[in-house]
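S.K.: Need coordinates for the below:
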Amino acid sequence: MRDGKGGVDRSVPLPRPLLSCLRRYWKLERPACSTPHLFVAEGREAPLHETTLQKTFKAARLDAGLAKDASIHTLRHSYATHLLEAGITLRTIQQVLGHKSLRTTEVYMHVTQPGTERLQETVDRLMAGL
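M.R.: Predicted structure coming up:
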């Protein structure tokens, strides 16, 4: 995303299969228009409006039978939490999310307990070395 909140560009790594799928879409099904946007508003050469994305997400959530309230921003938080739980450093997550301050990213430390599932294993291994 270019010019996100605070004028910061956001660049998120995509899974290779998804990138391949999006490239096929670009070549085969993308509406012929001059805009560089991947998904455009119907009948216009402009990106989809934010409310269109929010409404589409809400409809998909309800269709999937998910009663818990969630938004597109919830996906961002979930993504960051999963990265942290997978052992990605807080600094790297800060860069991916486009946070200027590490303190903004540190909120995810309160949401998850990274590494706790490996704590006992690590302590046992250290003890075995004595």
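S.K.: Sketch out the low-pLDDT regions of this protein for me.
M.R.: 1-10, 30-33, 110-119, 130 (pLDDT under 70).
S.K.: try it again with 80
M.R.: Where the chain drops to pLDDT under 80, the residues are 1-12, 29-36, 42-45, 108-123, 127-130.
S.K.: all strands in it, in order from the N-terminus.
M.R.: Applying DSSP state E to the chain gives no strands.
S.K.: Let me see the ranges of the helices in it.
M.R.: Listed in chain order, the helices of the chain (DSSP state H) span 16-28, 50-63, 72-85, 90-97, 102-105, 107-111, 116-128.
S.K.: quick one: buried residues of stretch 29-42?
M.R.: Val40 (16 or more other C-beta atoms under 10 Å). From N, CA and C alone the C-beta is placed, and that goes for glycine too.
S.K.: typo on my end, stretch 88-101
M.R.: 90, 93-94, 96-99.
S.K.: now do stretch 50-58
M.R.: Phe57.
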